[in-house]
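Trainee: next comes the sequence, and after it the predicted model I'd like to discuss.
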Amino acid sequence: MINAKLEEAFNDQINKEMYSAYLYLAMKVYFQECNLEGFVNWFGVQYQEEMAHAMGMFDYLSERGGHIDLRTIDEPEVKSSEILGIFDQVLEHEEYVTSRINALCDVADEVKDRAALNFLNWYIKEQVEEEANVGGLLAKLRLIGEDKKALLMLDNELKARTFVQPVIG
Ligand code: OFO
């Protein structure tokens, strides 16, 4: 049976992963309204990934005999109406999620749950990848600046991203 404090931390993180999905869905709406299909696709995949992260923890908590407590998901706020500003927010959000995963690991460490720490290693690696991907996109967007042709080329590139169901844990 999972420790109650760790169970609470997992439930909180499930909610945060679902919020991430909801935030990226709101960003997808923004790009739909700009008719930038590649960015729409990118955020659609991002949404699917976040839901997979949430469900990975959902399934794990269930496997460990924990109680899953589904909570209210906050309304997502897209803070900028500029593409660069939106990606700045994505990076800031991912850095926040990384800090929350680290905090979840701290709880697993505190209650000496080695199995949970082992499971959470997947999320640690995933966050490194997520931050690197978004950082790379931000660097490209900075290079592009006001060049609309280059932006359309990047949009075209982003159409190729596909969702691959991750094997978590
Ligand atoms: Fe779930 O990794 Fe992004 O937020």
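Mentor: Right, received. Where do you want to start? Numbers count the residues shown, from 1 in each chain.

Trainee: what about the nearest residue to Asn156 once chain neighbours are set aside, helix or strand, and which?
Mentor: Excluding the flanking residues, the one nearest Asn156 by C-beta to C-beta, 6 or more residues apart in numbering is Gly38, at 5.7 Å. Every residue, glycine included, has its C-beta placed from N, CA and C. Element membership for Gly38, per DSSP states H and E: helix 37-63.

Trainee: get me the contact residues on this protein for the ligand.
Mentor: Residues of the chain lying near the ligand by C-beta under 6 Å from any ligand atom: Glu17, Ser20, Glu50, His53, Glu94, Val97, Glu130.

Trainee: now the fourth one: closest residue in space that isn't a chain neighbour?
Mentor: So the one you mean is His53. That would be Glu17: by C-beta to C-beta, 6+ apart, it lies 4.4 Å from His53.

Trainee: that neighbour reaches Met57, doesn't it?
Mentor: Yes. Counting by C-beta atoms under 8 Å, Glu17 touches Met57, with 6.7 Å between them.

Trainee: I'd like the next helix or strand past the helix or strand hosting His93.
Mentor: Element membership for His93 (DSSP H and E) is helix 83-110. Using DSSP H and E, the next helix or strand after helix 83-110 towards the C-terminus is helix 114-144.

Trainee: centre-most residue in this structure?
Mentor: Glu50 (4.6 Å; C-alpha atoms, centre = their mean).

Trainee: mind listing what that one touches?
Mentor: Glu17, Met18, Ser20, Ala21, Tyr24 (C-beta atoms under 8 Å, 6 or more residues apart in numbering).

Trainee: what do you get if the cut-off is 6 Å, keeping everything else the same?
Mentor: Glu50 is in contact with Glu17, Ser20, Ala21, counting by C-beta atoms under 6 Å, 6 or more residues apart in numbering.

Trainee: so what's the residue count around the last one?
Mentor: Other residues lying near Ala21 total 21 when counted by other C-beta atoms under 10 Å.

Trainee: I'd guessed it sits against Glu49; true?
Mentor: No. Taking contacts as C-beta atoms under 6 Å, Ala21 lies outside contact range of Glu49: 8.2 Å.

Trainee: on that earlier part again, now do the helix holding His93: which elements does it pack against?
Mentor: If you count contacts as 3 or more C-beta pairs under 6 Å, 6 or more residues apart in numbering; DSSP states H and E, helix 83-110 packs onto helix 4-34, helix 114-144.

Trainee: fine, thanks again, bye for now.
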